[in-house]
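A.B. asks: Here is a sequence with its predicted model. Questions after.
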Amino acid sequence: MPGKFVVKKGSTGKFRFSLLSTNGQIVATSEAYNTKASAMGGIRSVKNLAADAEIEDQTTKEWAAGEGARKAAASAKKAKAGAKKKSAAKKASSS
């Protein structure tokens, strides 16, 4: 028997779904949706995305090193954009 999705309406009137494993344990729980149709759309999205989803293991030293490099590059890019904007503003005010 495959796992299943269970849709419930909470005390707030919003809908959530849970993905249950074959032994009935909850594997994942969704965000709260305002409508049942939106919750059903969320289930369709999970079904479509999960089949081919990649695994990103953030517990490895390799990932941590790469993340540090990505953050440094993003910070440098942001600093460069800020300097460029400051330079343009200074140029405009002196005209």
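C.D. replies: Cool, got the structure. Residues are numbered from 1 along each chain as shown.
A.B. asks: Roughly how far does the residue most central in space within the chain sit from residue 49?
C.D. replies: Nearest to the geometric centre of the chain sits residue 31, at 11.7 Å (C-alpha atoms, centre = their mean). Here residue 31 is placed at a distance of 15 Å from residue 49 (C-beta to C-beta, to the nearest Å). From N, CA and C alone the C-beta is placed, and that goes for glycine too.
A.B. asks: what does residue 73 give?
C.D. replies: Taken as C-beta to C-beta, the span from residue 73 to residue 49 is 27 Å.
A.B. asks: Please apply the same query to residue 8.
C.D. replies: 22 Å.
A.B. asks: mind checking pLDDT for residue 75?
C.D. replies: Looking at residue 75, its pLDDT reads 90.
A.B. asks: And residue 69, by the same measure?
C.D. replies: 89.
A.B. asks: can you map out the strands along this protein?
C.D. replies: Per DSSP state E, the chain carries strands over the ranges 4-9, 15-20, 26-29.
A.B. asks: Buried residues in the second one, which are they?
C.D. replies: Right, strand 15-20. Buried residues in strand 15-20, counted by 16 or more other C-beta atoms under 10 Å: 15, 16, 17, 19, 20.
A.B. asks: cool, the first one as well?
C.D. replies: Counting neighbours by 16+ other C-beta under 10 Å, one finds that the buried residues in strand 4-9 are residue 5.
A.B. asks: And the contacts of that strand?
C.D. replies: For strand 4-9, contacts defined as C-beta atoms under 8 Å, 6 or more residues apart in numbering pick out 15, 16, 17, 18, 19, 20, 36, 39, 40, 43, 46.
A.B. asks: Looks like the fifth one contacts residue 47 (just checking).
C.D. replies: This means residue 19. No - Residue 19 is not in contact with residue 47 according to C-beta atoms under 8 Å; the separation is 9.7 Å.
A.B. asks: quick one: low-confidence parts of this structure?
C.D. replies: 95 (pLDDT under 70).
A.B. asks: Let's see that with 80 instead.
C.D. replies: 1, 86-95 (pLDDT under 80).
A.B. asks: Mind giving me the packing neighbours of the longest helix along it?
C.D. replies: Counting by DSSP state H, the longest helix found in the chain is helix 61-93. Packing contacts for helix 61-93, counted by 3 or more C-beta pairs under 8 Å, 6 or more residues apart in numbering; DSSP states H and E, involve no helix or strand.
A.B. asks: All good on my end, thank you.
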